[in-house]
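> take a look and give me a structure for this.
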Amino acid sequence: MPQQVDKWYGDNLNEIAMKKIILFMVSILCLGCTKEDNQAQEGEDFNSLYGGIPYKGTVQGSISLDGGNELDLSGEGSIALIEDKQDSVSIVFLSDIEDLGEINIKIRGKFDQKSFYMGNENPDIYFKVVDQIINGKFVSEMQEMDFDGKLERELGQMKMIAIFKQETESFPKGTRLELDFDTRREVTENDDDGSGCQMRMVPIWGPNGMTMGMVPDC
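Okay, here's the model as predicted:
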């Protein structure tokens, strides 16, 4: 890692860990999106299929500055659905990185029988899970974020790549952050109520600054 990059991370790693950073993608609901399958059986929708008990496993990744040497990241990861309403829900990707702290992502959108979607007609702002495939993109003046992966009943995998185009409280301009979630769960008939998760209030870092929000502690 170049000397200046190594110095920056050496000087700020503990501060970042104490802040327990949480990345937050601003939710954008699809206006005019409604459920189209009137024949879906009760309980058979995206929330009932993938909600309930969280997916748990590992997260691997890396962080670098302006194309310099990468610092490898590893820790615990989980995926959960929270704050469900009649046709909307939040997906959270939670990671606890060794020597760094929490780097978490929260996305709210609408769902139908088997799909999840957020965004509008802007091709630079969307996140969707269709046919168990995760695909998303978020571009702003502050950062660029890309998502891909898959979400199955007992398997959740997602790769996120974020490039910070402007300096933030936690990352300098030019930082590239990559996180790879590999999580699993075992679903039985009585496991779909999400038992075992408690909600906690945490600081949430977003494109517009720090806010407070609720995430599950599973």
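> show me what contacts the nearest residue to L151 once chain neighbours are set aside?
In this structure, L151 finds its nearest non-sequential neighbour in V129, 5.3 Å apart by CB to CB, 6 or more residues apart in numbering. C-beta coordinates here come from the backbone N, C-alpha and C atoms, glycine included. Contact partners of V129, counting by CB atoms under 8 Å, 6 or more residues apart in numbering, are 46, 50, 91, 115-117, 135, 151.
> can you list the low-confidence ranges for this structure?
Applying pLDDT under 70 to the chain flags the ranges 1-43, 190-197, 202-212, 216, 218.
> all helices of it, in order?
Secondary structure of the chain (DSSP state H): helices at 3-19, 46-50.
> dump the C-alpha coordinates for stretch 156-168 into CSV.
Output of stretch 156-168 as CSV, limited to C-alpha atoms (Å, rounded to 0.1, in the frame of the first residue of the first chain):
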residue,chain,number,x,y,z
GLY,A,156,-28.1,-15.3,0.4
GLN,A,157,-25.0,-14.0,-1.5
MET,A,158,-24.3,-10.4,-2.5
LYS,A,159,-21.3,-8.4,-3.7
MET,A,160,-21.3,-4.7,-3.2
ILE,A,161,-18.7,-2.4,-4.8
ALA,A,162,-18.7,1.3,-3.6
ILE,A,163,-16.5,4.1,-4.9
PHE,A,164,-16.5,7.3,-3.0
LYS,A,165,-16.2,10.3,-5.3
GLN,A,166,-16.2,12.8,-2.5
GLU,A,167,-14.6,12.7,1.0
THR,A,168,-16.8,11.6,3.8
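> residues contacting it, please?
23, 50, 55, 57, 79, 93, 105, 134, 141-151, 171-185, 205.
> buried residues, that stretch. List them.
156-164, 168 (16 or more other CB atoms under 10 Å).
> can you redo those residues as TSV with distance to G101?
Shown next, in TSV, are those (distance: CB to CB, whole Å):
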residue	distance to G101
G156	22
Q157	23
M158	19
K159	20
M160	16
I161	19
A162	16
I163	20
F164	17
T168	15
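> narrow those to those in strands?
Using DSSP state E, the members of the buried residues of stretch 156-168 that fall within strands are 156-164.
> closest to D124 among those?
I163 (13.4 Å; CB to CB).
> doesn't D180 make contact with G61?
Yes: at 5.8 Å, G61 counts as touching D180 under the criterion of CB atoms under 8 Å.
> these two: who's more crowded?
G61 (23 against 19; other CB atoms under 10 Å).
> just the closest of the ones in strands among the buried residues of stretch 156-168 to D84, please.
Nearest to D84 out of those is G156 (CB to CB; 16.7 Å).
> buried ones only from the contacts of stretch 156-168, please, as a ChimeraX command.
Only the buried entries of the contacts of stretch 156-168 go into this ChimeraX selection, using 16+ other CB under 10 Å:
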select :23,50,55,57,79,93,105,134,143,145,147,149,151,171,172,174,175,176,177,178,179,180,181,182,183,185,205
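> tell me how far the residue nearest the centre of the chain lies from G68.
When CA atoms, centre = their mean is applied to the chain, the residue found nearest the centroid is I105 (3.0 Å). Applying CB to CB, to the nearest Å, the value for I105 to G68 is 24 Å.
> go on, E186?
Separation of E186 from G68 (CB to CB): 41 Å.
> before I go, just wanted to say thanks for your time.
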